[in-house]
Structures are given as C-alpha cells and as structure tokens.
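Novice: Would you be able to build a 3D model of this:
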Amino acid sequence: MRRARIRPGSPHSAGVTAGALLLAAAAVAAVPASAATAAPLPTAPCGSRGVTAEDTELAARLNARLAKKLRGYMNGYRVSCARVVVAAVRARGLPREAAVIAITTAIVETGVRNIDREVDHDSLGVFQQRATWGSAAQRLNVAWATGAFLDKMLRKYPGGSWRSAKVGDVCQRVQVSKYPERYQPQAGDGQIIVSALWPAPGVTRAQVIARAKSWNPATAQRVPYSQTKTRGGYRTDGSGYASMALGLAKPGPITVDLAKNTYTRPIPMTQLLQGDLVIDPVGANTARMVVIFDRWADAARTSYWAYQQRAGYGTDHRVVRHGLESGTQFRAYRPVGIR
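Specialist: So this is what the prediction gives:
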C-alpha cells in the first residue's frame, strides 16, 4: 500500500507518494522543459459496466456534499469504482458500516481509483495492496480486492468487534499505513458516498405517513420551516421532511434530486397512492416544492390531502391541488422500494 499521500491537485493526483514525487522531480530536471509535465497515474476499469451517465450525474451531486479530500474531485470513474466496492460488501452480506470502512480506505489510498502501475514498491489497485495480497490481476479486480480487504478486517476483528471500533482505527489495522491519522478525517465523506450508493431499505406506505405525522402537522407543536436548520438530522424544509418520512439518508436529498430515478420514478397523477410524492423540481430553491400524497379529497379527484413542510408555516396537513391545474410544473412520483 502507499505510504505517503497528498491532497489531489487534479482529478488524477490522489495517492501519489512522496518518493514518487522526488523521483519525478529528478526526472523532470533531466528532460527539456517541454516534456516536464508529469503524466497522470494510469488506471484500470473498475467494473464491467464502465462509467455510466448515472455515475457522472451522481459525482456532480457528491462534489457539493463532500467536505474533505475528494470535494470537487469526484467524477464518474471514481463513482464507478466506489459502486463496485459497495456492491462487493453487500454481496458478502455485511452491513453498510463495512462499506464505509472500505470506501474511507480507498479515499486515502488512491482517491477511489484502480491504479494499475506499481508506483510505491509493488502496490496496485484501489486499496494499493502489496504483492503479498494476491496476483496483479486479482488486486486490479476491484471486487476481489474488496473481498480480500474484508477478509483481513474480519480476521483482525473477530466476532464483529470492528463494528464498535472507530472507522479510522479499522482502516489502519488492515492497511498498516505509515500515516494512520489520515483515515478518520475521511470517514464522514466515506459515509456520504456509501449512503448515495447503498439502496435504502424498502418502506411501507403506512410508515411514510406515520413519520410524516411525527412532526405534528397543522398543530401548535408543528416543526418550523427552515432551509438551514435540522430536526433529527433532517433539514426542516420540504425535501428534508419528505426524506425523513421516506427514511432516506440524512440530511436528505434536495427537491431536484428527489425527482431523479435514484429515489423515485414518475407516474401519472391518476395513479397516486398514499406515501407517493408530488414534486415541482423546477426553478430556484425558493420555488421548488415537494408534498407527500395522503388521500383524494373528493370522488372526482379534483384535490387531495397532503403532508408538507410549508414555508412561512411549518409542518402542515391540508387540501391542495398541486399537479392538477393546467400548465403546472408539479408531477407525481413513486418512491423507489415503497410497498
């Protein structure tokens, strides 16, 4: 594994070692100025799907949420690598905490890239595993490399004891890095990446409504509306309220993202069922809106009861017509996995 890291100065620089930099500097001194630009470290594909449009779209959203090393440096390729790591953890039947540990390690080791050149001794792959871990082909197989990482983690922490240890401590015990302090600061971003890639468990319509009621809609105890404050980790705006009701990762995706296929799929307004969403994802954040469908208010279906975190009021339960008027930008959406 790599022993020295720098924060990425470009999307390709994460994971370059101090030794490699010294060697590169010496090489640059011996070549003409026109040839002095260092080439990026070569990488191998991380999975059979390659980089998809969904990977690129998710990278753009993550760039605004990440806080440490990879903020502004996520791209579709890094997401494709992270996706394979997370899938390998899920295939083992381990909880998402194990994926957070693996992704946190990959952030520090390579910036979540499958590096296929032995830059630091004989280290290869997304975890920069040495030759003692396996063959080059195995270490460059991200699913295999993740499995090997998990095997060692489970050996070092028998009986599931890794679950009560700090993320950074587990990363270090598996990797044995010269710089153990570098893992824990990336754990928060590891959690964000995993939450974006680990499908939320299915939720029942009754659970959605019960959670919506927990913010005491249309009562004196209702939760005040705010785009900056939180309650139980969720933003107290419309999208935060809907995310809470659906049990999505905190603080909840914004309204625009709730309308994307990561979380919902569009349906006709006539097919709305309790717990579905009606969303206007267009315009500035003060214009966008999301409500939770409860039930039709009349037999002709000209209006319906909805739960909403309403600007200027707070948590509400009232009759609305969003999506039923001509020319409206509201559309009906069904949450992924709702039953």
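Novice: how about the helices in the stretch 201-339 of the chain?
Specialist: In the stretch 201-339 of the chain, the segments counted as helices under DSSP state H, counting those that start in this stretch are 205-213, 238-246, 255-258.
Novice: Comparing those, which comes out most buried?
Specialist: Comparing these by mean neighbour count (mean count of other C-beta atoms under 10 Å), helix 238-246 ranks first with a mean of 27. Glycine gets a C-beta too; all of them are placed from N, C-alpha and C.
Novice: Tell me which of the helices of the stretch 201-339 of the chain approaches residue 48 most closely.
Specialist: Closest to residue 48 of the helices of the stretch 201-339 of the chain is helix 255-258 (C-beta to C-beta; 26.7 Å).
Novice: returning to what we had before: closest one to residue 88 among the helices of the stretch 201-339 of the chain?
Specialist: Per C-beta to C-beta, nearest to residue 88 of the helices of the stretch 201-339 of the chain: helix 255-258, 25.5 Å.
Novice: And for that closest one, what's in contact with it?
Specialist: For helix 255-258, contacts defined as C-beta atoms under 8 Å, 6 or more residues apart in numbering pick out 61, 238-239, 242-243, 263-264, 277, 279-281, 285, 288-290, 333.
Novice: Would you write out the ChimeraX command that picks the buried residues out of those?
Specialist: In ChimeraX, a selection of the buried entries from these looks like this (16 or more other C-beta atoms under 10 Å):
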select :61,238,239,242,243,263,264,277,279,280,281,288,289,290,333
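Novice: Residue 181 belongs to a helix?
Specialist: Yes. Under DSSP: H, G, I helix; E, B strand; the rest coil, residue 181 falls within a helix.
Novice: quick one: contacts for it?
Specialist: Here residue 181 is in contact with residue 168 (C-beta under 8 Å, 6+ apart).
Novice: Apply 6 Å and report the result again.
Specialist: Residues near residue 181 by C-beta atoms under 6 Å, 6 or more residues apart in numbering: none.
Novice: Just give me the closest of the contacts of helix 255-258 to residue 139.
Specialist: Residue 139 has its nearest neighbour among these in residue 61, at 30.0 Å by C-beta to C-beta.
Novice: Leaving out chain neighbours, which residue sits closest to the closest one?
Specialist: In this structure, residue 61 finds its nearest non-sequential neighbour in residue 257, 6.3 Å apart by C-beta to C-beta, 6 or more residues apart in numbering.
Novice: Of all the helices of the stretch 201-339 of the chain, which one comes closest to residue 186?
Specialist: When the helices of the stretch 201-339 of the chain are compared by C-beta to C-beta, helix 255-258 sits nearest residue 186, at 23.1 Å.
Novice: Now that closest one - C-alpha only, CSV.
Specialist: What follows is helix 255-258 as a C-alpha-only set of coordinates in CSV (Å, rounded to 0.1, in the frame of the first residue of the first chain):
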residue,chain,number,x,y,z
THR,A,255,-36.0,18.5,-4.1
VAL,A,256,-34.3,18.3,-7.6
ASP,A,257,-32.7,15.0,-6.6
LEU,A,258,-35.9,13.6,-5.1
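Novice: Please list all residues in contact with the nearest residue to residue 242 once chain neighbours are set aside.
Specialist: Counting by C-beta to C-beta, 6+ apart, residue 290 is the residue found nearest to residue 242 once chain neighbours are left out, at 4.9 Å. The contact partners of residue 290, by C-beta under 6 Å, 6+ apart, come to 238, 239, 242, 255, 258, 277, 279.
Novice: rerun at 8 Å
Specialist: Applying C-beta under 8 Å, 6+ apart to residue 290 gives the contacts 238, 239, 242, 255, 258, 277, 278, 279, 280, 308.
Novice: Just give me the closest of these to residue 76.
Specialist: residue 258 (21.6 Å).
Novice: Which parts of the chain belong to which domain?
Specialist: 18-197, 205-335 (automatic domain parsing).
Novice: Lowest mean pLDDT across these, which one is that?
Specialist: Across these, domain 18-197 has the smallest mean pLDDT, namely a mean of 87.
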